[in-house]
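Peer 1: Pasting the sequence and the predicted model now:
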Amino acid sequence: MTFVITTYDWVPPFAVGYVRDLRIRWACEEAGLPYRIETTSVREKTAQHFARQPFGQVPILRDGDLSLFESGAILLYLGERAETLMPRDAAARAETQQWLIAALNTLEPPVMAMALARIFDQDARAEELALPRLRERLAQLVPVLEGRDFIAAGRFTIADILLADVLRLVDSLGELAAYPVLAAYMNRITARPAFRRAHAAQVAHFAQAA
Ligand SMILES: N[C@@H](CCC(=O)N[C@@H](CS)C(=O)NCC(=O)O)C(=O)O
């Protein structure tokens with residue numbers, strides 16, 4: 001069965017390489033799961049798009065009759081299908097889920113607040129408020145990653161996909177270099193061939209769409 005990943009037909013240049021379909025492509029590449037890409041219009045969002053993703057966002061994954069949204073939920077679903085992505089052992093699996101949700105729910109919100117303030121709203125006051133909150137979370141992550149190659153379960157998992165992808169956004173905002181432990185982790189995880197393939201494929205997709 002080939003998974004179908006839905007992404008947009010176009011995004012602005014600053015978003016190329018950062019659209020969240022990357023997380024899903026990356027997981028499929030890691031696990032050797034077959035997938036193909038389908039596009040949906042970003043300018044004229046269709047009723048079918050909203051039927052599959054009530055917020056009109058991407059990514060969406062289809063597996064036969066099943067249609068799923070939310071990159072974290074999709075990664076958890078794929079994790080059930082490939083031990084390469086999530087261990088079977090109950091404790092290791094719980095730890096993987098914990099860190100995947102921490103990346104999504106504790107780390108990504110302050111990162112997005114900063115990105116919205118700087119990139120979308122160009123609001124200096126909002127940025128001033130967002131920055132210390134983001135820095136506090138990054139500083140708290142440093143002792144966790146010190147001396148660890150992976151965030152959970154002592155091995156690569158879907159939690160690394162999410163955490164490294166969130167840290168890429170921090171890096172793009174110029175805020176990661178101050179935390180060498182986090183920067184080294186992000187560089188190590190994104191040096192994986194599966195990430196490189198997924199990233200190159202997304203860049204090529206949007207280059208073709210331009
Ligand atoms: N929590 C969602 C966020 C999805 C999201 O923000 N997707 C962006 C592209 S990376 C999007 O569709 N933005 C357009 C919009 O929010 O209308 C997930 O992780 O899947």
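Peer 2: Thanks, I have the structure now.
Peer 1: Do I have it right that Thr84 meets Leu33?
Peer 2: No. Counting by CB atoms under 8 Å, Thr84 does not reach Leu33; the two are 9.2 Å apart. For the C-beta atoms, the positions are set from N, CA and C on the backbone; glycine is no exception.
Peer 1: Now list whatever residues contact both of those two.
Peer 2: Here Thr84 and Leu33 have no joint contacts, going by CB atoms under 8 Å, 6 or more residues apart in numbering.
Peer 1: The top helix by length along the chain - contacts with which helices or strands?
Peer 2: Longest helix in the chain, counting residues (DSSP state H): helix 124-145. Packing partners of helix 124-145 (3 or more CB pairs under 8 Å, 6 or more residues apart in numbering; DSSP states H and E): helix 108-115, helix 180-190.
Peer 1: could you give the angle of whichever helix or strand comes after that helix to helix 124-145?
Peer 2: As assigned by DSSP states H and E, the chain's next helix or strand after helix 124-145 is helix 158-172. With axes from the mean of the first three to the mean of the last three CA atoms, to 10 degrees as the basis, helix 158-172 and helix 124-145 are set at 140 degrees to each other.
Peer 1: average pLDDT for helix 158-172?
Peer 2: Averaged over helix 158-172, pLDDT sits at 98.
Peer 1: Ok, stretch 126-145 next?
Peer 2: On average, stretch 126-145 scores 97.
Peer 1: One more: stretch 60-80?
Peer 2: 98.
Peer 1: what residues does that stretch touch?
Peer 2: By CB under 8 Å, 6+ apart, stretch 60-80 touches 1, 3-6, 20, 23-24, 27-28, 31, 33, 40, 52-55, 57, 59, 85-86, 96-97, 100-101, 104, 157-158, 161-162.
Peer 1: about what we covered before: can you dump the C-alpha coordinates of the longest helix of the chain into CSV?
Peer 2: Extracted as CSV, the C-alpha positions of helix 124-145 are listed here (Å, rounded to 0.1, in the frame of the first residue of the first chain):
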residue,chain,number,x,y,z
ALA,A,124,8.9,44.2,17.4
ARG,A,125,6.9,44.3,20.6
ALA,A,126,5.6,40.8,20.1
GLU,A,127,9.1,39.6,19.3
GLU,A,128,10.4,41.2,22.5
LEU,A,129,7.8,39.2,24.5
ALA,A,130,8.3,36.0,22.6
LEU,A,131,12.1,35.8,22.7
PRO,A,132,12.7,35.3,26.5
ARG,A,133,10.0,32.6,26.5
LEU,A,134,11.6,30.8,23.7
ARG,A,135,15.1,31.1,25.2
GLU,A,136,13.9,29.7,28.5
ARG,A,137,12.6,26.6,26.9
LEU,A,138,15.8,26.1,24.8
ALA,A,139,17.9,26.5,27.9
GLN,A,140,15.8,23.9,29.7
LEU,A,141,16.4,21.4,26.9
VAL,A,142,20.2,21.7,27.0
PRO,A,143,20.8,19.5,30.1
VAL,A,144,18.5,16.9,28.6
LEU,A,145,20.4,16.6,25.4
